[in-house]
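Colleague: Based on what follows, work out the 3D shape:
(chains A and B)
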Amino acid sequence: MKRYQNLLMIFGVALLVALPLWLRQKPAPAPAGKEVALFRGTDDQATDVISRIAPGYRPWFKPLIEAPSGETGSLLFALQAALGTGFIGYYLGVSTTRARIRRETDREARC
Amino acid sequence: MHIMEGFLPVTHAIGWSVASAPFVAYGMYTINKRIQEKPEQRMLLGVAAAFTFVLSALKMPSVTGSSSHPTGTGLGAILFGPAAMAPIGLVVLLFQAMLLAHGGLTTLGANVFSMAVVGPFAAAAIYRFAKAAKMPFGFSIFLAASLADLLTYITTSAQLALAFPDPAGGVAASFAKFTAVFAVTQIPLAISEGLLTVLVMNALARFNPLELKEMKVVAAQEMQA
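Modeller: Take a look at the predicted model:
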């Protein structure tokens, strides 16, 4: 039951990510011939809203380091995710082995 | 939920930093105390940090046609208490601000407040409430993690609304505009975050029942089931 539930949850997450990609069609380019970007980050959109509410506002500080290209940026994001999952995977690996050893010693002790 | 570098007026930037600082300081204290008392929980603390690291790097598409990311703070808040997540969130946000130009140093205080203070405290409170209401373990975790995710983004909207009130409708109109950007996009992502947190928690409950019992995440009799 548990295993079946877990698989269902993984499937659910995959579906939640994949469905929008499939449901949202790329909008027609704006009349000016500018491409309308789809799936932009909400953080950037919030910045747009700010410039609409307060057109005079200028950011008073610039990021110290800006990734030279989108590729370098995605490298760092991938690195961040890889380091995190690597650690979680290592811990779960240690845990499963430890749980197995604990079970085996329990069984031996009972014999 | 990352407010971009320089996009908060100086007074707000300072104000949110001052508001976040005591949580970070108290969180450091609780983490230090915990590690001194129970050094064996150090690895699990690393897992909580790693989970936030991963989830806040995952930018997922949403049905609204925008992309956003989960926060991953619910897991650690349930395991170690909400205060412990403040310094962990600070480290994650600092990494993203320094290396990824995602968020920023001037907006760090505000971002820590939404992601590493409001989110974790909401998660811990909702989890406690759900447990008291005798809801099933998995569902309690799901509720806590997903609502904490959503509340983080609502906090960001409120922070931006306070800083940039609409010239006509004031803070309320501005809040509506920012939640329109953040909150609706976040709903499917919050569900994803809830599900992923339950997955990791299920694995921990299965392979680390002793730790979870010790941390009072689950009651002793629940683990027998």
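
Colleague: next SSE after the longest helix anywhere in chain B?
Modeller: Counting residues, the longest helix found in chain B (DSSP state H) is helix B:170-207. Using DSSP states H and E, the helix or strand that follows helix B:170-207 in sequence is helix B:209-214.

Colleague: Run through the neighbouring helices and strands of that following helix.
Modeller: Under the contact definition 3 or more C-beta pairs under 8 Å, 6 or more residues apart in numbering or on different chains; DSSP states H and E, helix B:209-214 sits against helix B:170-207, helix B:220-224. No exception for glycine: its C-beta is placed from N, CA and C like everyone else's.

Colleague: could you pull out the strands for chain A?
Modeller: In chain A, the strands defined using DSSP state E lie at A:40-41.

Colleague: sorry, back to before: in the longest helix of chain B, which residues are buried?
Modeller: The neighbour-count check on helix B:170-207 (16 or more other C-beta atoms under 10 Å in any protein chain shown) flags B:174-175, B:177-179, B:181-183, B:185-207 as buried.

Colleague: Quick check: which of the residues you listed are also close to chain A?
Modeller: Subset of these in contact with chain A: B:174, B:177-178, B:181-182, B:185-186, B:188-189, B:191-192, B:195-196, B:198-200, B:202-204, B:206-207, counting by C-beta under 8 Å from any C-beta of the partner chain.

Colleague: Tell me the strands beside the helix or strand bottoming out on mean pLDDT in chain A, with direction?
Modeller: For chain A, using mean pLDDT, DSSP states H and E, the weakest element among its helices and strands is strand A:40-41, scoring a mean of 86. Strand A:40-41 sits in its sheet next to strand B:66-68 (parallel), going by DSSP bridges.

Colleague: for the strand it pairs with, what is the average pLDDT?
Modeller: The predicted model assigns strand B:66-68 a mean pLDDT of 91.

Colleague: Can you report how many residues lie near the residue of chain A found nearest chain B?
Modeller: Nearest residue of chain A to chain B (C-beta to the nearest C-beta) works out as residue A:59 at 3.0 Å. Residue A:59: 17 surrounding residues under other C-beta atoms under 10 Å in any protein chain shown.

Colleague: Name the nearest residue to residue B:150, sequence neighbours excluded.
Modeller: Sequence neighbours aside, residue B:190 is the residue nearest to residue B:150 in space, at 4.6 Å (criterion: C-beta to C-beta, 6 or more residues apart in numbering or on different chains).

Colleague: Helices of chain A, residue ranges please.
Modeller: A:2-23, A:42-53, A:70-110.

Colleague: Surely residue A:24 touches residue B:62?
Modeller: No - in this structure, residue A:24 is not within contact of residue B:62 by C-beta atoms under 8 Å, at 9.2 Å.

Colleague: wait, what's in contact with residue B:204?
Modeller: By C-beta atoms under 8 Å, 6 or more residues apart in numbering or on different chains, the residues touching residue B:204 are A:95, B:44, B:47, B:211-212.

Colleague: Where does residue B:5 sit, in terms of helix or strand?
Modeller: Applying DSSP H and E, one finds residue B:5 in no helix or strand.

Colleague: just for chain B, where's the confidence low?
Modeller: B:219-225 (pLDDT under 70).

Colleague: which residues in it form helices?
Modeller: B:10-37, B:42-55, B:73-80, B:82-99, B:108-112, B:119-132, B:137-163, B:170-207, B:209-214, B:220-224.

Colleague: ok, now how distant is the residue nearest to residue B:85 when sequence neighbours are not counted from chain A?
Modeller: Excluding the flanking residues, the one nearest residue B:85 by C-beta to C-beta, 6+ apart is residue B:120, at 3.8 Å. The span separating residue B:120 from chain A equals 17 Å under the rule C-beta to the nearest C-beta, to the nearest Å.

Colleague: my read: residue B:120 touches residue B:147, true?
Modeller: No - if you go by C-beta under 8 Å, residue B:120 and residue B:147 don't touch, sitting 11.9 Å apart.

Colleague: Comparing those two, which residue is more hemmed in?
Modeller: Legend: neighbour count by other C-beta under 10 Å for residue B:120 and residue B:147, higher for residue B:120 (32 against 21).

Colleague: Might you report the residue contacts of the more buried one?
Modeller: B:73-74, B:76-77, B:82-86, B:89, B:148.

Colleague: Which one of those sits in the busiest neighbourhood?
Modeller: For those, neighbours tallied by other C-beta under 10 Å; top is residue B:74, 39 neighbours.

Colleague: how near is that residue to chain A?
Modeller: 15 Å.

Colleague: What's the local residue count around residue A:51?
Modeller: Number of residues near residue A:51 (other C-beta under 10 Å) recorded here: 14.

Colleague: for the residue nearest to it when sequence neighbours are not counted, phi and psi?
Modeller: In this structure, residue A:51 finds its nearest non-sequential neighbour in residue A:57, 7.0 Å apart by C-beta to C-beta, 6+ apart. Backbone torsions for residue A:57, taken as degrees, to the nearest 10, come to phi -70, psi 130.

Colleague: dump the residue contacts of the residue nearest to residue B:150.
Modeller: Residue B:190 makes contact with B:70, B:146-147, B:149-150, according to C-beta under 8 Å, 6+ apart.

Colleague: Contacts made by stretch B:99-106 with the rest, please.
Modeller: A:43, A:60-61, A:63-67, A:73, A:76-77, A:80, B:2-8, B:10, B:13, B:93, B:96-98, B:111.
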